[in-house]
Each structure stands twice: as structure tokens, then as C-alpha cells.
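S.K.: I would like the atomic coordinates for the input below:
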Amino acid sequence: MKFTTVCLALSALATTSGFAVLPSASKAASTTHFANLGGDGESTGVTSKTADWEINKISPNQRIQGNTRHTWSMTDSAKEIVQVCIQSSGRPLNNDIQLWIGPDWTPVTIKCHSEDGKKYPLQTLVGTRNQGANLEIRNTGSSSYPLDAAVSYAIDPLSGARDEVAAEEGKYMEGGSVHKVSFAPEVEQLQVLLQTEGKQLNAKVELLNGPNNVKQEFEIFTNNGLANSLFIVFDTPGDGNSIRVKNLATLEYPCNLYTKASKIVTPADAITLEW
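M.R.: Prediction:
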């Protein structure tokens with residue numbers, strides 16, 4: 001009887017003592033730390049306040065730490081062009097841009113790299129196919145390389161920029177081919193468009209400064225290069241700049257390349273094509 005009484009007393013003491021486990025406090029601390037990472041969240045899509053690439057006017061900036069991600073919910077099916085701008089304080093950028101439609105369909109993925117996210121920001125337009133979609137930016141860099149991103153529906157005239165560039169004289173590229181475009185130092189900003197007639201688009205566009213010195217690159221894969229063409233805006237400070245385009249698809253998947261100088265120092269024709 002005494003033994004039973006002692007056991008019950010010890011059990012009650014353990015329940016109220018400092019040795020008791022407090023799982024709720026541990027869980028709260030973990031959640032707070034996770035929230036401070038600045039990624040793995042979701043934002044509601046908005047409409048841009050600029051037709052240029054001023055990141056503070058596109059949408060509220062979202063800091064995305066290395067090895068985390070953030071998602072924007074673009075639910076307006078009446079709009080189709082989403083403006084994406086990604087910058088850093090001057091450190092390299094490595095990230096993936098993915099468009100989701102429905103629970104498990106990713107019609108387009110764009111892998112991006114910039115040597116200097118301040119001098120060479122990542123600027124692109126992504127089509128939603130006039131459907132409610134989610135756009136995710138995943139920072140694939142390490143924790144030492146955070147990025148700032150802004151995502152919104154584009155406004156005129158930027159929302160019609162793809163059609164304007166497509167009206168320029170283009171270059172037909174067979175699958176597996178490589179082409180280079182050189183342009184004069186007067187060009188401060190260059191628009192690049194890659195599209196197909198509806199077949200898949202698998203290609204890479206590189207911004208070079210000097211021979212084989214890659215400053216920026218975009219690699220896209222989509223099942224429909226007309227609905228999800230690759231539209232890029234390169235800032236091209238200084239001289240010695242050019243772009244190199246690689247059609248990574250096989251021979252039966254050609255694409256068309258279009259370029260247009262959107263900012264130049266003089267009104268003269270500053271861009272030349274070299275094939």
C-alpha cells in the first residue's frame with residue numbers, strides 16, 4: 001500500500017515539475033524562425049504601376065532568401081501578361097520561375113542566372129494563357145544570396161511589347177542551331193523574343209560582354225512556345241555586349257528569334273545582326 005502511494009506521488013510530481021515536455025512552445029519557436037526566412041509564402045497578384053522596370057513600382061517587393069521560394073496567385077483570367085523583375089544588392093542571382101495552372105500542371109519553367117543582380121537584373125514577361133495561375137520564384141542560390149522580386153500584371157504599352165517585337169524582322173532557328181546578335185554601345189536596353197508556332201520551346205539566351213563572358217542567361221522549357229513565348233528585357237550598360245541564342249530542342253522544333261532596341265542613346269539604327 002505504501003509502495004502504491006509513493007508511485008502515485010512521484011507520478012504527480014513529474015507532471016508538475018520542470019522536467020515536463022512543452023511541445024507547444026517548441027513548435028511556436030520553430031514556426032517563428034521559419035516565417036523570418038522571407039520565403040515559402042504567397043502573395044495576391046496586383047497590377048503594375050509602371051510600364052518600365054522600376055521594381056518598387058511593379059509590386060510590393062518580396063525578399064526571398066536562398067533555398068526558399070515565394071508564390072504569387074494570379075487569378076484574373078481577363079489578363080494574360082505577368083511582369084517579373086528580380087534584383088539583388090549586387091550579388092549573383094540563380095533562380096527558377098515556374099507557372100502553375102491547376103494542381104499539378106507546370107506549362108513553363110524558366111531557369112535564370114545573373115552575374116550581378118543590380119547591374120544586370122532579371123526582367124521577363126510570362127503568359128498565363130488567360131487562366132487563373134500561380135507564379136513561383138524559387139531562389140536556388142545559397143543562403144548568402146537573397147533576392148528581391150516583384151510580380152504583377154503588366155500594363156500598356158509593356159503588355160503589348162511581345163507583339164511589337166514580333167513585328168520586327170525575325171530569324172528562323174532550326175533545332176540545335178546557335179546564333180549571335182551583336183549591337184552597338186548606344187543600345188542601353190534590348191528586348192528579345194523567342195517563340196514557336198505552337199510547338200515546344202526549349203532554348204537558352206545569354207547576354208555576353210566580350211568573348212564568351214556570360215553576364216546573364218535564361219533557359220526556358222514550355223510545351224507551347226506561342227502561348228508561352230520567352231520575352232526578356234536586357235539592360236546592356238557599356239559596350240562590347242552581344243547575345244547568344246541556342247535552340248536546345250531537336251531539329252523538328254524550330255523557333256523564331258526577334259530583337260528590338262528599346263532604349264538607345266541616339267535615334268540612329270544602333271543594332272546590327274550577325275549570323
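S.K.: let me see the ranges of the helices in the stretch 101-250 of the chain.
M.R.: Counting by DSSP state H, counting those that start in this stretch, residue ranges of the helices within the stretch 101-250 of the chain are 161-166.
S.K.: pull the number of nearby residues for S43.
M.R.: Each residue near S43 was counted by other C-beta atoms under 10 Å, and the total is 18. Every residue, glycine included, has its C-beta placed from N, CA and C.
S.K.: Q62 is in contact with that one, correct?
M.R.: Yes: using C-beta atoms under 8 Å, S43 is in contact with Q62, at 6.4 Å.
S.K.: quick one: contacts for S142?
M.R.: By C-beta atoms under 8 Å, 6 or more residues apart in numbering, the residues touching S142 are 66-67.
S.K.: go again using 10 Å as the cut-off
M.R.: Under the criterion of C-beta atoms under 10 Å, 6 or more residues apart in numbering, the contact list for S142 reads 65-67, 92, 94.
S.K.: now swap in S73 and tell me
M.R.: Under the criterion of C-beta under 10 Å, 6+ apart, the contact list for S73 reads 42-45, 100, 132-135.
S.K.: give the pairing partners of the strand or helix carrying it; include direction for each.
M.R.: Here S73 is covered by strand 69-74, with elements defined by DSSP states H and E. Taking DSSP bridges as the criterion, strand 69-74 pairs within the sheet with strand 41-44 (parallel), strand 133-139 (antiparallel).
S.K.: how far does the helix or strand just after it sit from the chain's center?
M.R.: Sequence-wise, the next helix or strand beyond strand 69-74 is strand 81-87, with elements assigned using DSSP H and E. Relative to its chain's centre, strand 81-87 lies at 7 Å (C-alpha atoms, centre = their mean, to the nearest Å).
S.K.: next, the angle from strand 81-87 to strand 133-139.
M.R.: When axes from the mean of the first three to the mean of the last three C-alpha atoms, to 10 degrees is applied, the directions of strand 81-87 and strand 133-139 differ by 10 degrees.
S.K.: strand 81-87 pairs with which strands?
M.R.: Sheet pairing here is set by DSSP bridges, and for strand 81-87 it gives strand 122-127 (antiparallel), strand 147-153 (antiparallel).
S.K.: dump that strand to CSV, keeping only the CA atoms.
M.R.: C-alpha atoms of strand 81-87 as CSV (Å, rounded to 0.1, in the frame of the first residue of the first chain):
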residue,chain,number,x,y,z
ILE,A,81,0.8,39.1,-69.3
VAL,A,82,2.7,38.9,-65.9
GLN,A,83,5.7,41.2,-65.4
VAL,A,84,8.5,39.7,-63.4
CYS,A,85,11.5,41.6,-62.1
ILE,A,86,14.3,40.1,-59.9
GLN,A,87,17.2,42.1,-58.4
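S.K.: tell me the average confidence for it?
M.R.: With pLDDT averaged residue by residue, strand 81-87 scores 98.
S.K.: flag every buried residue along it.
M.R.: For strand 81-87, burial by neighbour count (16 or more other C-beta atoms under 10 Å) applies to 81-87.
S.K.: save these as a markdown table, and put in distance to P121 too.
M.R.: Compiled in a markdown table, the buried residues of strand 81-87 are given as follows (distance: C-beta to C-beta, whole Å):
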| residue | distance to P121 |
| --- | --- |
| I81 | 18 |
| V82 | 16 |
| Q83 | 12 |
| V84 | 10 |
| C85 | 6 |
| I86 | 6 |
| Q87 | 4 |
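S.K.: so what are the domain limits for this protein?
M.R.: Taking automatic domain parsing as the reference, the chain has its domains at 38-155, 157-275.
S.K.: could you dump the contacts of S142 to a markdown table with neighbour count, pLDDT and distance to P146?
M.R.: Output for the contacts of S142, formatted as a markdown table (neighbours: other C-beta atoms under 10 Å; pLDDT from 0 to 100; distance: C-beta to C-beta, whole Å):
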| residue | neighbour count | pLDDT | distance to P146 |
| --- | --- | --- | --- |
| Q65 | 20 | 97 | 5 |
| G66 | 17 | 97 | 6 |
| N67 | 15 | 97 | 10 |
| P92 | 16 | 97 | 11 |
| N94 | 17 | 98 | 12 |
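S.K.: mind putting the residues you listed into a markdown table with distance to D235 and secondary structure?
M.R.: Output for these, formatted as a markdown table (distance: C-beta to C-beta, whole Å; DSSP: H, G, I helix; E, B strand; the rest coil):
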| residue | distance to D235 | secondary structure |
| --- | --- | --- |
| Q65 | 24 | coil |
| G66 | 23 | coil |
| N67 | 27 | coil |
| P92 | 16 | coil |
| N94 | 18 | strand |
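S.K.: all set now, cheers.
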